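> Pasting the sequence and the predicted model now:
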Amino acid sequence: MSYSMLAVVGSFTYPSTSAPNPKLCNATLRRKEFISLLKNCKDANQILPIHAKIIRTGHDQDPFVLFQLLCLSSTLSSVNYASTIFQQVRNPNVFLYTALIDGFVLVGSYSDGIRLYYQMIDRFIVPDKYVITSVLKACEYRFALREGKEVHCQALKLGLCSNRSITMKLMEFYGKCGEFDNARKVFDKLTERDVVASTIMINCFLDHGLVKQAVQVFDRVRVKDTVCWTAMIDGLIRNGEMNMALELFREMQKDNVKPNEVTVVCVLSACSQLGALELGRWVHSYIGKHHRIELNHFVGGALINMYSRCGDIDEAERVFAMMKERNVITYNLMISGLAMHGKSIEAVDIFRGMIKQGILPTSVTFVAVLNACNHGGLVDLGFEMFHSMSKDYGIPPQIEHYGCIVDLLGRVGRLKEAYNFIQNMEIAPDHVMLVALLSACKIHGNLELGEQVARILINHGGVDSGTYVLLSNVYASSGKWKEAAQIRAKMKEGGILKEPGCSSIEVNNEIHEFLLGELRHPQKGKIYKKLEELNQILKAGHTPATDVVLHDIEDWEKEQALAIHSERLAICYGLISTKPGTTIRVVKNLRVCDDCHSMIKLLAMITGRKIVVRDRKRFHHFENGKCSCGDYW
DNA sequence: GTAGGGTTAG
């Protein structure tokens, strides 16, 4: 036993809470007993006493015992501890190398894993299939193409390339590095191109947006299992192909393949992005009926997210209350959900409850809490939270947190303070923050500061279409048509296209999409009729806020252009296709304009309907002529 | 005598 080894043990405090294991008192513990002790160990606190005993009984160079010790300490405790143990081993074999490389991969120290592999090669230790797959994993995550190719060559020389695990990892490695030809070559060489290999190949393509190629491989799989279907559905969702993903989910069931926990989490994610509440509810009831899918962190979190983002915040809260175990992500999702819906006090209460439970917040938690303060105009509390994050939790504020404060001050009209806050920040402002301030300037009618911010924004470069539109609108709203036109010209010059407004509504399990000024719906006639009818009723009590459109055209023309904002079409379709009294839920890709906002308030009053609109930033609950955002968004 | 195929929420 070496002194340095004792130093390693000595650097860890003996946990007073864990009772001494009586087995350890037996001085004649043998290797097998050590191994089974290590294998059954579930608590990091138990590693240290076991390790101490291993050293005392002279088993500290036993490769079999060391292997278990390395595996355990890198998964339960820390890879640094495992690494220090490894350094004390006089002749580490391939097993020990594999265990430590795995440990490095687990914590994301991929380069260390690769370096360790090369050290092993330098010591003339012959790699086996296990260490090859481990180092390939490290190469894959590190995008270390050159090293991975070298490992591939070594595997070929050693005759290991017929091994299935290696070929699978090779495909994953080449796929992640974007070398589809190489991935494909490995795939094509397989004698058995089964569902597992195909799933990996499908993932390779979907990781890089190659949907067509993925579908081709998917279609050729004869017997698709749950994982294969799920990988395909998840990949489509990651590539923005929501409807295709949901279609596949239906097909999967027709094919009698049972969704598992992962499948429902993926499908719920699609629902939340689309605002497909009905389907989301169906998935929820499916989970309720099929007890093999439990309401764990993943499923619970996905449900909370889905209900929040589909506009049913009450149901999100019910799911949250039902969950037996919640982690920090569960809390983060619930807090952001409540914030999105303007339920600021409730969000802060959840945050406080989380702290009481002893769950440590992350930087994401603070973004959510600060957002909640924003939507409720809780300035003092917002500042309190902002200061608390670094003071009490050691989390340094990032650009998003600074942005929340700017938003917070902007909302209540403290524009100068917001501007000073930006100037005194330790980091450079990003364009999200400047846009937030510009938007506040527009809402509070401070054109002077608005122009100042606009100049900074333009000089900043990298401005997107939304910002240009906002800039142009700031000018247009004060009648400065020339400046507005200049912005539009700049937009054209830079080849920046205005992102087309798009709203969707779910009716009878189907998502109906409406684009700005374009109606290609089978019920087109009826929708226009409803639109006209409502326009007539509204005319009496509502003068359109025509300053929000880009063009300096005649008023009546402006009215026409406004009349067909996509959310209006979606709402009209909702009105004609659902029973009276049904809540109408619309999802929009951009932010709602002033005019539509005030029009929907009236519409909700006249029709006696609740109208819920999710825009790019938050939720608007329209009821009885009022909106939950308090007219600030 | 040491050890895995693919899918998971902010």
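Nice, thanks for sending it over.
> Only C-alpha atoms from now on, for both contacts and neighbour counts.
OK.
> Can you pull the residues of the stretch 51-200 of chain A lying near DNA strand B?
Neighbours of DNA strand B within the stretch 51-200 of chain A, by C-alpha under 7 Å from any atom of the strand: A:63-64, A:67-68, A:93-96, A:98, A:102, A:128-131, A:133-134, A:164-165, A:168, A:194-197, A:199-200.
> Could I get the contacting residues of A:C161?
A:H152, A:A155, A:T167 (C-alpha atoms under 8 Å, 6 or more residues apart in numbering).
> and for stretch A:254-262, what are the contacting residues?
A:D225, A:T226, A:T230, A:M252, A:Q253, A:R292, A:I293, A:E294, A:V299.
> And stretch A:423-439, by the same measure?
For stretch A:423-439, the surrounding residues in contact (C-alpha under 8 Å, 6+ apart) are A:399, A:402-403, A:406-407, A:410, A:415, A:418-419, A:422, A:450, A:453-454, A:457, A:460, A:463, A:467, A:470-471.
> And for stretch A:403-411?
Against stretch A:403-411 from outside (C-alpha under 8 Å, 6+ apart): A:367, A:370-371, A:373-375, A:377-379, A:382-383, A:386, A:415, A:417-419, A:421-422, A:432-433, A:436-437, A:440-441, A:632.
> Out of the residues you listed, list just those in strands.
Secondary structure from DSSP state E places none of these in strands.
> what about stretch A:521-533, distance to the chain center?
Centroid separation between stretch A:521-533 and its chain, computed with C-alpha atoms, centre = their mean, to the nearest Å, is 37 Å.
> picking up where we left off before, for DNA strand B, tell me which of the contacts of stretch A:423-439 show up nearby.
When C-alpha under 7 Å from any atom of the strand is applied, no member of the contacts of stretch A:423-439 is adjacent to DNA strand B.
> Can you tell me which of the contacts of A:C161 is nearest DNA strand B?
Set against DNA strand B, the nearest of the contacts of A:C161 by C-alpha to the nearest atom of the strand is A:T167 (9.3 Å).
> Would you enumerate the residues in contact with A:C271?
A:C271 neighbours (C-alpha under 8 Å, 6+ apart): A:L277, A:L279, A:G280, A:M306, A:C310.
> what about it, which helix or strand?
helix A:261-274 (DSSP states H and E).
> after that helix, next one along is what?
Sequence-wise, the next helix or strand downstream of helix A:261-274 (DSSP H and E) is helix A:277-289.
> list the helices and strands that next one packs on?
Contact partners of helix A:277-289 among helices and strands, from 3 or more C-alpha pairs under 8 Å, 6 or more residues apart in numbering; DSSP states H and E: helix A:261-274, helix A:297-309.
> Is the last one positioned near DNA strand B?
What it means is helix A:297-309. Yes: legend: contact between helix A:297-309 and DNA strand B by C-alpha under 7 Å from any atom of the strand is shown at A:H297, A:F298, A:V299, A:G300, A:G301, A:A302, A:N305.
> Now do that helix: which elements does it pack against?
Applying 3+ C-alpha pairs under 8 Å, 6+ apart, one finds that helix A:297-309 contacts helix A:261-274, helix A:277-289, helix A:313-322, helix A:328-340.
> Pull out the buried positions in stretch A:503-518.
Of the residues in stretch A:503-518, A:S503, A:S504, A:I505, A:E506, A:V507, A:H512, A:E513, A:F514, A:L515, A:L516, A:G517 count as buried by neighbour count, 16 or more other C-alpha atoms under 10 Å.
> Tell me the bridge partners for the fourth one.
Looking back up the chat, that one is A:E506. A:I511 (DSSP bridges).
> what's the distance between it and DNA strand B?
With distances taken as C-alpha to the nearest atom of the strand, to the nearest Å, A:E506 is found 20 Å from DNA strand B.
> Low-confidence bits of chain A, can you list those?
Within chain A, the stretches with pLDDT under 70 are A:1-29, A:461-463, A:517-518, A:541-563.
> Nearest to the spatial middle of it, which residue is it?
A:S269 (9.4 Å; C-alpha atoms, centre = their mean).
> shouldn't that one be in contact with A:S308?
No: with contact defined as C-alpha atoms under 8 Å, A:S269 and A:S308 do not form a contacting pair (11.4 Å).
> Quick one: the strands in the stretch 451-600 of chain A, in order.
Listed in chain order, the strands of the stretch 451-600 of chain A (DSSP state E, counting those that start in this stretch) span A:502-507, A:510-515, A:584-588.
> for these, which one sits closest to A:G525?
For the strands of the stretch 451-600 of chain A, proximity to A:G525 was assessed by C-alpha to C-alpha; strand A:510-515 is nearest, at 14.2 Å.
> same for the closest one, what does it pack against?
strand A:502-507, helix A:566-577.
> what sits up against the last one?
Outside helix A:566-577, the residues that touch it by C-alpha under 8 Å, 6+ apart are A:501-505, A:507, A:512-517, A:526-527, A:530-531, A:584, A:586-588, A:596.
> Can you select the buried ones among the residues of helix A:297-309 next to DNA strand B for me in PyMOL?
The PyMOL command for the buried members of the residues of helix A:297-309 next to DNA strand B (criterion: 16+ other C-alpha under 10 Å) is given here:
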select buried, chain A and resi 297+298+299+300+301+302+305
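> which one of the residues of helix A:297-309 next to DNA strand B is nearest A:G235?
Among the residues of helix A:297-309 next to DNA strand B, A:A302 lies closest to A:G235 (C-alpha to C-alpha), at 16.6 Å.
> I'd assumed A:L268 was in contact with the closest one.
Yes: using C-alpha under 8 Å, A:A302 makes contact with A:L268 at a distance of 6.0 Å.
> Look at A:V586 and say how many residues are nearby.
29 (other C-alpha atoms under 10 Å).
> In the sheet, which residues pair with it? Tell me.
Under DSSP bridges, the beta-bridge partners of A:V586 are A:I505, A:V613.
> ok, now which ones touch it?
Taking C-alpha under 8 Å, 6+ apart as the test, what A:V586 contacts is A:G275, A:S503, A:S504, A:I505, A:E506, A:E567, A:A570, A:I571, A:I611, A:V612, A:V613, A:R614.
> For A:T362, state which of these is nearest.
Looking across those and measuring by C-alpha to C-alpha, the closest to A:T362 is A:R614, at 26.1 Å.
> Verify the stated contact: the closest one with A:H620.
Yes: when contacts are counted by C-alpha under 8 Å, A:R614 is listed as touching A:H620 (6.3 Å).
> More neighbours: which of these two?
With neighbours defined as other C-alpha under 10 Å, A:R614 and A:H620 compare such that A:H620 has more, 28 against 25.
> I'd like the distance from the more buried one to A:D631, if you could.
Counting by C-alpha to C-alpha, to the nearest Å, the gap from A:H620 to A:D631 is 9 Å.
> Out of the residues of the stretch 51-200 of chain A next to DNA strand B, name the ones that lie in helices.
A:63-64, A:67-68, A:94-96, A:98, A:102, A:129-131, A:133-134, A:164-165, A:168, A:195-197, A:199-200 (DSSP state H).
> Buried only: go through those residues for me.
A:63-64, A:67-68, A:94-96, A:98, A:102, A:129, A:131, A:133-134, A:168, A:195-197, A:199-200.
> Quickly check: stretch A:277-289 near DNA strand B or not.
No: using C-alpha under 7 Å from any atom of the strand, stretch A:277-289 stays clear of DNA strand B, coming no nearer than 13.2 Å.
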